[in-house]
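Enquirer: A structural model of the following input is requested.
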Amino acid sequence: MRSRRARWGLGCLLAASLGVAGCGLGPATMRVNRLDYNITAQRSNSEQLLLNLVRMKYLEHPLFMQVGTIASSFSYSVSAGAIFNTNPATQQFPLGTTLSETPTVTYTPMDGQKYTQEILSEIDGQRFMVLFRANTHLEILLRCVLDRVGQLENQSPNRPINPQRLEAFRRFCHLASLMRTRGDLDIAHVVPEEKAKEKEKPKQEKAKAKGADKAKEPAKEEAKEEPKDKGPQLVMALRFVGAQEAQEMAGLLGVPYRPLRLKSGQEILAFRLIETSLLGDTFGRDHRYVDLPFRMRSMREVLDYLGQGVEVPPGQQGASAASQVPLDHGGQMVDPYPYIKDFFEVRYADHRPAGAMVSVPYRDGWYYIADSDLRSKLVFSFLSTLLALQSGNPPAHAPLLTLPIGG
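Expert: Here you go, the predicted structure:
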């Protein structure tokens, strides 16, 4: 009788234990475990990015370790026993449970072809358009990724600092951002005029034109070939509240003041944005737009630029950091930190700072972005987005046939 009661009690205990484990352990563990990994991965990515910005300040090579997979397996064991003696009241059924986790995380250093494509290659127009259409703060977007536009030059460690030119570039970025906010600035891919007309032709006319083109092939060989536009063009349309604003924008960019006028009387400037390396070689003339050359930065140049906003502590302005200080046009060394800290700033502390959004130890101190510095937080968040976008393929643009620039 005692043996039967013991087996029954032990069986009930095991069943109850296994039932609790099977019904509640999995979901409860996932609920806590997934959030922990998510928070840790996000913090680790931010700390790695900040560390590489500090490295750029000290002219050290950045290194990105990408997280490949995160796998976590759990094992749950239950042990039970029974202790019997002559007194039924003192019989015991001890129960033991063990939960163990085995996490596996893989890291891949970004190097070789991947490093070239994502860090050293120039940011292309499609990625720029993805960020623009995602309603990224335009001033942050332009100041980070644009190296030059028209006659304007952005701040760069590889160029002498010219305060007047920097102020003109920042004025352009600020003015463009204001126009975007009020809905008077748009950037779109536009089909060239010739290709747009071809799409409007009936199929019969296209066939006739094709036959005529074949008959004229010998004459074409003798004629000088004109540059042919390759695919949709990047066009920026600006609508102004008055002639003074339009003249200021044209003067900043160093382009002819040739505004179009809407029926409402509002003046508009339409620019065809052309990469500096392709200007005059790829694009033919288009009377609808003013050609505006521009050059985008690479991700490495963006890191280099924002790395100038890292505060160097007193006593460390030696060779490791002084070589990061560019010259002005008179050959004098100029510290770039004051020219960028109002836009992006990484502060220094002797000890681990309190109230930091993200912080990393480096050398003999700590570098951090203050949680109260909203502008720097926005720029840092944009930088994280840009880095993630560089690792993927942007969607193909949808060309627009017209922009609202007609009279």
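Enquirer: how much space is there between the residue nearest to Leu175 when sequence neighbours are not counted and Met179?
Expert: In space, and not counting its chain neighbours, Leu175 is closest to Met249: 6.4 Å by C-beta to C-beta, 6 or more residues apart in numbering. C-beta: built from backbone N, CA, C; applies to glycine. Met249 is 9 Å from Met179, where distance means C-beta to C-beta, to the nearest Å.
Enquirer: Now do the shared contacts for those two.
Expert: Residues touching both Met249 and Met179 (C-beta atoms under 8 Å, 6 or more residues apart in numbering): 238, 240.
Enquirer: of those two, who's got more company?
Expert: Between Met249 and Met179, counted using other C-beta atoms under 10 Å, Met249 has the larger neighbour count: 22 against 19.
Enquirer: Backbone dihedrals for that one, both of them.
Expert: phi -60, psi -40 (degrees, to the nearest 10).
Enquirer: Touching, it and Glu267? I think so.
Expert: No - under the criterion of C-beta atoms under 8 Å, Met249 makes no contact with Glu267, lying 10.1 Å away.
Enquirer: Show me where the stretch 201-350 of the chain has its strands.
Expert: With DSSP state E, counting those that start in this stretch as the criterion, the stretch 201-350 of the chain has strands at 233-239, 260-261, 267-275, 290-296, 347-349.
Enquirer: Dump these to TSV, plus mean neighbour count, distance to His137 and mean pLDDT.
Expert: Shown next, in TSV, are these (neighbours: other C-beta atoms under 10 Å; distance: least, C-beta to C-beta, whole Å; pLDDT from 0 to 100):
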stretch	mean neighbour count	distance to His137	mean pLDDT
strand 233-239	21	17	89
strand 260-261	13	28	82
strand 267-275	20	19	88
strand 290-296	19	17	90
strand 347-349	17	22	95
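Enquirer: Would you reformat those strands as TSV and include distance to Ser72?
Expert: As requested, the strands of the stretch 201-350 of the chain are exported to TSV (distance: least, C-beta to C-beta, whole Å):
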stretch	distance to Ser72
strand 233-239	45
strand 260-261	61
strand 267-275	46
strand 290-296	40
strand 347-349	35
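Enquirer: what's the closest of the ones you listed to Gly307?
Expert: Closest approach to Gly307 among those (C-beta to C-beta): strand 347-349, 13.5 Å.
Enquirer: Tell me which residues are up against the closest one.
Expert: So strand 347-349 is contacted by 310-313, 353, 365-370 (C-beta under 8 Å, 6+ apart).
Enquirer: Give me the sheet partners of it and which way each runs.
Expert: Note on strand 347-349: by DSSP bridges, its sheet partners are strand 365-370 (antiparallel).
Enquirer: what pLDDT, on average, does the partner strand get?
Expert: Averaged across strand 365-370, pLDDT comes to 96.
Enquirer: and what of stretch 298-316?
Expert: 89.
Enquirer: Repeat that for stretch 72-84.
Expert: 62.
Enquirer: residues shared between the contacts of Met249 and Glu267?
Expert: Common neighbours of Met249 and Glu267 (C-beta under 8 Å, 6+ apart) are Phe240.
Enquirer: re the thing from before, now the contacts of strand 347-349: which count as buried?
Expert: Buried members of the contacts of strand 347-349, scored by 16 or more other C-beta atoms under 10 Å, are 310, 312, 353, 366-370.
Enquirer: any idea of the pLDDT on the residue nearest to Leu175?
Expert: pLDDT, read off for Met249, is 93.
Enquirer: where's it relative to Pro338, distance?
Expert: 27 Å.
Enquirer: repeat for Asp286
Expert: For Asp286 relative to Pro338 (C-beta to C-beta), the value is 42 Å.
Enquirer: Could I get the contacts of strand 347-349 in a markdown table, plus columns for distance to Asp147?
Expert: Shown next, in a markdown table, are the contacts of strand 347-349 (distance: C-beta to C-beta, whole Å):
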| residue | distance to Asp147 |
| --- | --- |
| Val310 | 20 |
| Glu311 | 24 |
| Val312 | 24 |
| Pro313 | 30 |
| Pro353 | 33 |
| Gly365 | 32 |
| Trp366 | 31 |
| Tyr367 | 26 |
| Tyr368 | 28 |
| Ile369 | 24 |
| Ala370 | 28 |
